[in-house]
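# got a predicted structure plus its sequence, pasted below:
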Amino acid sequence: MGFFMFNARKPRGFQHNYIYVDERKEKLKQIEENAKRDLGMLPPKEFKPEDLRGKFSEHTKHLKKYKKRHLSFQTLLVLLAIAIFILHYLMTGKFSF
């Protein structure tokens, strides 16, 4: 029984290979676009830091889970106010301040 636990095989990972993709054609298109940009026929690509915001965290599972668990600031304030109100009621026995 103990040997089965150590020899457990892992399942094969999923690999999706495109069937109808012409890599040569895509690479040629990219080279053509870069050449047009170098010659000034197309405007240069603009780098915007806003485009990168969230790109790294949306591709990692643990950061997605953290964002889901993360409470907003407004929620924390409301919960704190409710806790203070309940604490005041328990100490004084009155609903009003």
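Received it, and whenever you're ready, just let me know what you need.
# could you list the low-pLDDT ranges of the protein?
Low-confidence segments of the chain (pLDDT under 70): 1-6, 54, 57-59, 62-71, 97.
# which helix runs longest in it?
Assignment by DSSP state H gives helix 73-92 as the longest helix of the chain.
# please state the offset of that one from the chain centre?
Between the centre of helix 73-92 and the centre of its chain there are 32 Å (C-alpha atoms, centre = their mean, to the nearest Å).
# can you check stretch 10-28 too?
Its chain's C-alpha centre and that of stretch 10-28 lie 24 Å apart, by C-alpha atoms, centre = their mean.
# contacting residues around residue 20?
Going by C-beta atoms under 8 Å, 6 or more residues apart in numbering, residue 20 touches no other residue. No exception for glycine: its C-beta is placed from N, CA and C like everyone else's.
# that one: what secondary structure?
Following DSSP: H, G, I helix; E, B strand; the rest coil, the label given to residue 20 is coil.
# what helices and strands are in contact with the longest helix of the chain?
Contact analysis of helix 73-92 by 3 or more C-beta pairs under 8 Å, 6 or more residues apart in numbering; DSSP states H and E lists no helix or strand as a packing neighbour.
# count of residues packed around residue 82?
For residue 82, the neighbour count with other C-beta atoms under 10 Å is 10.
# for residue 14, see how far away it is.
Plainly put, residue 82 is 46 Å away from residue 14 if you go by C-beta to C-beta, to the nearest Å.
# same check, this time on residue 24
Distance from residue 24 to residue 14, by C-beta to C-beta: 26 Å.
# equivalent analysis for residue 46, please.
Between residue 46 and residue 14 the computed distance is 36 Å (C-beta to C-beta).
# more neighbours: which of residue 24 and residue 14?
Remark: of residue 24 and residue 14, residue 24 carries more neighbours, 8 against 5, as counted by other C-beta under 10 Å.
# give me the phi and psi for the more buried one.
When read as degrees, to the nearest 10, the backbone of residue 24 gives phi -60, psi -40.
# how far away is it from residue 76?
Counting by C-beta to C-beta - residue 24 and residue 76 are separated by 55 Å.
# same deal with residue 25?
Using C-beta to C-beta, residue 25 is found at 53 Å from residue 76.
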